[in-house]
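>>> Any chance you can model this:
(2 chains)
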2 protein chains.
Amino acid sequence: MAEVRHAASALTVGAHLAATGTGVRLSDEQRLDWLRLIRSDNVGPRTFRSLINHYGSARAALAALPELARRGGAKGPTRIYPRDQAERELERAQALGIAFIALGEADYPHRLQMIDDAPPLIAVRGALPVLARPTVALVGARNASAAGVKFAERLARDLGEAGFAIASGLARGIDAGAHRASLETGTIAALAGGLDRIYPPEHAGLADAILPHGALISEMPLGYEPRARDFPRRNRLISGLALGVVVIEAAQRSGSLITARLALEQGREVFAVPGSPIDPRCEGSNGLLKQGATLVTEAADVLNVVRPILGQRIDLSAQEPERPLSPPGEPEDDERARIVGLLGPTPVSIDDLVRLSGSSPTIVRVVLLELEIAGRLERHGGGLVSLV
Amino acid sequence: MAEVRHAASALTVGAHLAATGTGVRLSDEQRLDWLRLIRSDNVGPRTFRSLINHYGSARAALAALPELARRGGAKGPTRIYPRDQAERELERAQALGIAFIALGEADYPHRLQMIDDAPPLIAVRGALPVLARPTVALVGARNASAAGVKFAERLARDLGEAGFAIASGLARGIDAGAHRASLETGTIAALAGGLDRIYPPEHAGLADAILPHGALISEMPLGYEPRARDFPRRNRLISGLALGVVVIEAAQRSGSLITARLALEQGREVFAVPGSPIDPRCEGSNGLLKQGATLVTEAADVLNVVRPILGQRIDLSAQEPERPLSPPGEPEDDERARIVGLLGPTPVSIDDLVRLSGSSPTIVRVVLLELEIAGRLERHGGGLVSLV
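Numbering: from 1, shown residues only, chains lettered A, B, ... in the order given. Purely as a prediction, here's the structure:
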């Protein structure tokens, strides 16, 4: 059903990004490799990108994983997602009407691919065109007040009528109100679990109602039950899909504030709706206003900010696609030991590692990949790494 | 009871301002003259100031009023407040424990005398020292929500405990909450009617409760029943007393927004408390936030702004005290006609009048005073005047 074009085997994520909108597509084999790679132990979105950029393809990266893990000093076995399991996931997805879209493909949400930990593959169910629409995220308290939900509905409806898709997290309260009010105009729910594990369960009907004009997306495997710690990670997708995030009724230390912080890190606009200082559900949103978030009492407050952004051409060259190496350099044992010796539990910058080790940036990156695949490295923001 | 010092007969309002804090006091006779002058037809605070500055004393100005009115072309008689009536007002005030404090006297509220239409005399009942305290005004909706009143009480209590007097307007809702919560620490109610005409009547008990540690003030005569149009005028006193005005739950086109506008014109800080966009009572206050008012969810938000202002020395020389003229110049008839001929219903600047008429600034001012006393001149902001 999907037209499969042949893509160069040395296709890199960077090249994918550069080719955005030109309709570059993975072959079925490539998609299987991508799925296996991102589902393998210790491979997150950033590591995935490093591996693809270093080895030139997911297949080559998969082949390198056992050796990388061994050289990185993995304590136990590093599990590579089995081919048959990936095949079953793709078959199951197809049966459920779920598409896996790869970073760089035309259907991949435009803004989402710009974040540095964009998922290499997203599972999507529903109307794919909604992902191409300019999007505003609405998030807020699960235990929202009636006034909060009413306002979320009003804002989602008005933004929807103004041509924007509404992204949220399918949670109770504000999220549900935002989705409900934009079912006809188009809404996107980013899930923390697999697309066949709707959470909360009572929103299964709402999830179905989203599909005709909107979409459910997830980076997690089918069948995956979301745990509490998966929600903050999921929140980066909500903000990443959007030009801006509107926070309605968020308490202190709430998930909505995490989404607002991620939005700032991603360079997205942050909006907040004012609320009574007497209501603890408004402490977080009022706090955002004090920190400079744009105050929203009507859709125009959002439109005035996001419409001018829409007019700006996005310069993807800022993504700095890296050149694949062939053949990848391999560090000598003593060189690896010297680099590992510079690492500890305190985050250090990769630039410092290169400078202090005297090794080439390529070698340092390979050693870091090894440690990562071995489950021994943690990546922080701003190019900082530490040993786990 | 009050120590009466002899003040120079040529005492000007400007000189008063310059002497602030040195304890300059009007004699009983002077106070009587001041009261008669400000209670006479067509004499408002700005005209009062012009008259005192031009004639050197209220007594001389009173003597000049009939001739000024005649020369200005008054249609009917211009009523000068009779001496016996002023005496009765002062006697009645004394019996009620009400003091009349003149602009420039030590007890006159420090900040209030800095506004350009400060009342020449204010009637004060209660504890005079509260007028010397740094003050924050809290204003808001009469039909406030329970949450709004609760927040007003909390804020007034916290600001009171931080050493600030609380100014408001004794209205239902927010005002009453603000006063009630600061009865012990000190609160000031500025009334639109006479001090013996408490409005609304059911707040008579609250007004009495204010007196031990706070004060009621008014510029209106005893016995004066406030009308709707008196409240905006009164609002300038609330903002004028304060370093800043906090607006809590204000609808569009509400009196609280007038107070906020006056506060801006007076160079006072404007604060607003966020509220639900669903609640029409919060449209005005949220609108102020959009326009840049400081968002307040706790007393610290106010204190962080007003405490640094307190530390600033106020330069009263910015008030530009004008020199009294002796003898005042008198325009010739043709000169007067020429100046009046330049005036019309469209506001023009006094500077332009001086330039276009070729008359001296003094002569132009005298002609304007004549027209004013005759009830034919309207003064606008920014030195603009027009014929009525």
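
>>> close enough to count as contact, A:I238 and A:I258?
No - with contacts counted by CB atoms under 8 Å, A:I238 stays clear of A:I258, the gap being 10.0 Å. All C-beta spots, glycine's among them, are computed from the backbone N, C-alpha and C.

>>> the more surrounded of the two?
A:I238 (28 against 19; other CB atoms under 10 Å in any protein chain shown).

>>> So what does whichever residue of the stretch 101-250 of chain A sits closest to chain B have for phi and psi?
Nearest residue of the stretch 101-250 of chain A to chain B, counting by CB to the nearest CB: A:A147, 4.3 Å away. Dihedral pair for A:A147: phi -70, psi -40, per degrees, to the nearest 10.

>>> residues contacting it?
If you count contacts by CB atoms under 8 Å, 6 or more residues apart in numbering or on different chains, A:A147 has them with B:S276, B:I278, B:D279.

>>> May I see the residues you listed organised as TSV, with secondary structure and distance to chain A added?
Formatted as TSV, the contacts of A:A147 follow (DSSP: H, G, I helix; E, B strand; the rest coil; distance: CB to the nearest CB, whole Å):
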residue	secondary structure	distance to chain A
B:S276	coil	5
B:I278	coil	4
B:D279	coil	7
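
>>> Counting neighbours, which of those residues comes out on top?
B:S276 leads these on contacts (other CB under 10 Å) with 25 neighbours.

>>> which one is that residue nearest to, not counting chain neighbours?
Nearest non-adjacent residue to B:S276, counting by CB to CB, 6 or more residues apart in numbering or on different chains: A:A147, 4.7 Å away.

>>> and if you look at A:I309?
A:L243 (5.5 Å).

>>> That neighbour contacts A:R133, correct?
No - using CB under 8 Å, A:L243 is not in contact with A:R133; the gap is 10.6 Å.

>>> Settle it for me: which of the two has more neighbours?
For A:L243 versus A:R133, neighbours defined as other CB under 10 Å are more numerous around A:L243 (21 against 18).

>>> Let me see the contact set for the more buried one.
If you count contacts by CB under 8 Å, 6+ apart, A:L243 has them with A:R111, A:P134, A:T135, A:V136, A:R268, A:E269, A:V306, A:I309, A:L310.

>>> now A:S254
By CB under 8 Å, 6+ apart, the contact list for A:S254 reads A:A141, A:G284.

>>> Equivalent analysis for A:V130, please.
A:A165, A:G186, A:T187, A:I188, A:H213, A:G214, A:A215.

>>> And the residues you listed, which two are furthest apart?
Comparing all pairs in the contacts of A:V130 by CB to CB, the longest separation belongs to A:I188 and A:H213, at 10.3 Å.

>>> So between the two, which is more surrounded?
Legend: neighbour count by other CB under 10 Å for A:I188 and A:H213, higher for A:I188 (30 against 18).

>>> Pop out the phi and psi values for the residue nearest to A:I309.
Dihedral angles for A:L243 - degrees, to the nearest 10 - are phi -70, psi -30.

>>> cool, the one 4 residues further on as well?
In terms of degrees, to the nearest 10, the main-chain angles of A:V247 are phi -100, psi 120.

>>> ok, which stretches of the stretch 51-200 of chain A are strands?
For the stretch 51-200 of chain A, the strands defined by DSSP state E, counting those that start in this stretch occupy A:98-102, A:121-126, A:135-140, A:165-168, A:187-190.

>>> got the contact list for A:P212?
Applying CB under 8 Å, 6+ apart, we find A:P212 in contact with A:G126, A:A127, A:L183.

>>> try A:R39
Residues in contact with A:R39 (CB under 8 Å, 6+ apart) are A:Y81, A:Q85, A:A86, A:E89, A:P221.

>>> contacting residues around the third one?
Contacts here follow CB under 8 Å, 6+ apart; on that basis A:A86 touches A:L32, A:L35, A:R36, A:R39.

>>> Can you give me the distance of the last one to chain B?
When you say that, I think you mean A:R39. 44 Å (CB to the nearest CB, to the nearest Å).

>>> State the pLDDT value of that residue.
We have a pLDDT of 96 for A:R39.

>>> now the first one
If you check A:L32, the pLDDT there is 97.

>>> Likewise for A:S359?
pLDDT recorded at A:S359 is 89.

>>> does it really touch A:I339, like I thought?
Yes - using CB under 8 Å as the test, A:S359 is close enough to A:I339 to be in contact (6.1 Å).

>>> If we ignore the residues flanking it in sequence, what's nearest the residue in chain A that chain B sits nearest to?
Closest approach between chain A and chain B, counting by CB to the nearest CB: A:P274, at 3.0 Å. Sequence neighbours aside, B:P274 is the residue nearest to A:P274 in space, at 3.0 Å (criterion: CB to CB, 6+ apart).

>>> before we move on, the earlier item: quick check: ChimeraX command selecting the buried ones in the contacts of A:P212.
Of the contacts of A:P212, the buried ones go into a single ChimeraX selection, burial set by 16 or more other CB atoms under 10 Å in any protein chain shown:
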select /A:126,183
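
>>> Could I get the contacts of A:P212 in a markdown table, plus columns for pLDDT and distance to chain B?
A markdown table is the format used below for the contacts of A:P212 (pLDDT from 0 to 100; distance: CB to the nearest CB, whole Å):
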| residue | pLDDT | distance to chain B |
| --- | --- | --- |
| A:G126 | 98 | 30 |
| A:A127 | 97 | 30 |
| A:L183 | 98 | 21 |
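
>>> Save the contacts of A:P212 as TSV, and put in distance to B:L371 too.
Compiled in TSV, the contacts of A:P212 are given as follows (distance: CB to CB, whole Å):
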residue	distance to B:L371
A:G126	75
A:A127	73
A:L183	67
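
>>> can you confirm A:I217 is in a helix?
No - going by DSSP: H, G, I helix; E, B strand; the rest coil, the assignment for A:I217 is strand, not a helix.

>>> Contacts for stretch A:278-294, please.
Stretch A:278-294 is contacted by residues A:140-141, A:143-145, A:148, A:247-254, A:256-257, A:260, A:269-277, A:295, A:301-302, A:305, B:147, B:150-151, B:154, B:274, B:289, B:295, B:297, B:301 when judged by CB under 8 Å, 6+ apart.

>>> can you do 6 Å?
Stretch A:278-294 is contacted from outside by A:141, A:247, A:249-252, A:254, A:257, A:260, A:270-273, A:275-276, A:295, A:305, B:147, B:150-151, B:274, B:295, B:297, using CB atoms under 6 Å, 6 or more residues apart in numbering or on different chains.

>>> Kindly report the residues of the stretch 51-200 of chain A close to chain B.
A:A147, A:K150, A:F151 (CB under 6 Å from any CB of the partner chain).

>>> For the last one, give me the pLDDT.
Spelled out, that is A:F151. 97.

>>> still on that earlier bit, return the members of the contacts of A:R39 classed as buried.
A:Y81, A:A86, A:E89, A:P221.
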